[in-house]
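Engineer: only geometry, no sequence info:
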């Protein structure tokens, strides 16, 4: 158990809908990362927050948005869903401030949310 | 955006040493190279991390040449429980603002350990 929790575990929805995925980081961790994992694209970095502020942005679609709240939990909002958005979405957390960059910190991954868009 | 390249799959017998290499041609100057292990339907799990030369912990070693354009994960004496997908992770670009820095995972190497 990494200490990172994600809800829900599974989500089935229809095209055009909007969903919210939730992540609670490990106790004491200030950074949260979101990743999308699909069979054809592998693990894709979406976005990172540090202590409530956006720190780095990856290949996140404009239909997707995220935020980190004062209690450090984070939510990933996916809207106007398409079939191709079906994937595993992972949240990870790390302790820090990333002195040298995002991959300097050890990231602890949650169990993921499996999103199926029908 | 720079690419990270790993072999798609590898087979090994139990008890052998396994070396998995990742090429990363545009790693950020101050970034570390990190390797993760992933079992089916689970999140990736940290194995080892390094900046240059050699790092060893209780489960693996990591070799990084001076130019840092590649890294090699070494798993000594693998067992059946090491059957998993192994990913390298690097940072690319300058960590100076949103959009200019990317965390890039390799596509993963599926290691199958044979009894």
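Structural biologist: Sure thing, it's come through. Just so we're clear, the structure is a prediction, and the values are computed from it rather than from any experiment.
Engineer: what's the weakest-modelled helix or strand in chain B?
Structural biologist: strand B:101-105 (a mean of 83; mean pLDDT, DSSP states H and E).
Engineer: Give the other helices and strands that that strand contacts.
Structural biologist: Strand B:101-105 sits against strand A:42-50, strand A:53-57, strand B:84-93, with contacts defined as 3 or more C-beta pairs under 8 Å, 6 or more residues apart in numbering or on different chains; DSSP states H and E. Heads up, the C-betas are built off the backbone N, CA and C, glycines and all.
Engineer: Could you provide these in CSV, with additional columns for distance to residue B:115 and mean pLDDT?
Structural biologist: Output for the helices and strands packed on strand B:101-105, formatted as CSV (distance: least, C-beta to C-beta, whole Å; pLDDT from 0 to 100):
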stretch, distance to residue B:115, mean pLDDT
strand A:42-50, 29, 90
strand A:53-57, 43, 86
strand B:84-93, 16, 88
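Engineer: Need the ones you listed in a markdown table (columns: distance to residue B:19 and mean neighbour count).
Structural biologist: Formatted as a markdown table, the helices and strands packed on strand B:101-105 follow (distance: least, C-beta to C-beta, whole Å; neighbours: other C-beta atoms under 10 Å in any protein chain shown):
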| stretch | distance to residue B:19 | mean neighbour count |
| --- | --- | --- |
| strand A:42-50 | 21 | 22 |
| strand A:53-57 | 30 | 18 |
| strand B:84-93 | 11 | 24 |
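Engineer: TSV please, covering those and showing distance to residue A:35.
Structural biologist: Output for the helices and strands packed on strand B:101-105, formatted as TSV (distance: least, C-beta to C-beta, whole Å):
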stretch	distance to residue A:35
strand A:42-50	5
strand A:53-57	12
strand B:84-93	10
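Engineer: Close to chain B: what parts of chain A are there?
Structural biologist: Where chain A comes near chain B, counting by C-beta under 8 Å from any C-beta of the partner chain, the residues are A:2, A:4, A:33, A:35, A:42-45, A:48, A:54-59, A:90, A:92, A:98-104, A:106-112.
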